[in-house]
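# sequence plus predicted model, see below.
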Amino acid sequence: MRIYLMLRCSEVAERASLLIDGELGPWQRFNMKLHLAMCSGCRAFVAQMRITRDLTRMASGSEERHIDPEIQAALAQKRPGRVGRL
């Protein structure tokens, strides 16, 4: 009998970019999503990583991947002259 233990936060952090980029297999993705369903800290971490990835792509002019609509809306609302704030 195999006993499964939930991923630790450090393991989620190590694999977060793989999850975001869609590079995990189905079982690994399931394990990550299971942890994220129960851990608000890791959910926030992964969400911040997605935002960082999207903003980096926007800044570099890379359009190879879809930019999250929430990021686009936040940037559209940014007022000129308020540097560093969304």
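Great, that's in hand.
# centroid-nearest residue for this protein?
Arg50 (3.2 Å; CA atoms, centre = their mean).
# the strand or helix carrying that residue - contacts with which helices or strands?
Under the criterion DSSP states H and E, the helix or strand holding Arg50 is helix 40-60. With contacts defined as 3 or more CB pairs under 8 Å, 6 or more residues apart in numbering; DSSP states H and E, helix 40-60 has these neighbours: helix 9-20, helix 26-38, helix 69-77. The C-beta positions use only the backbone N, C-alpha and C, and glycine is treated the same way.
# what angle sits between the helix or strand bottoming out on mean pLDDT in the chain and helix 40-60?
In the chain, the helix or strand scored least confidently by mean pLDDT, DSSP states H and E is helix 69-77, which has a mean of 74. With axes from the mean of the first three to the mean of the last three CA atoms, to 10 degrees as the basis, helix 69-77 and helix 40-60 are set at 60 degrees to each other.
# name the residues of helix 69-77 that come out as buried.
Using 16 or more other CB atoms under 10 Å as the test for burial, helix 69-77 gives Ile71.
# go on, stretch 10-17?
So for stretch 10-17, counting by 16+ other CB under 10 Å, buried means 12, 15-16.
# export the residues you listed to a markdown table and append columns for distance to Arg57 and pLDDT.
Converted to a markdown table, these look like this (distance: CB to CB, whole Å; pLDDT from 0 to 100):
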| residue | distance to Arg57 | pLDDT |
| --- | --- | --- |
| Val12 | 23 | 95 |
| Arg15 | 20 | 95 |
| Ala16 | 16 | 95 |
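# export those residues as JSON lines, with columns for distance to Met38.
Supplementary listing: those in JSON lines, determined by distance: CB to CB, whole Å:
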{"residue": "Val12", "distance to Met38": "11"}
{"residue": "Arg15", "distance to Met38": "16"}
{"residue": "Ala16", "distance to Met38": "16"}
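# list just the nearest of these to Ala37.
Distance to Ala37, by CB to CB, is smallest for Val12 among those, at 11.5 Å.
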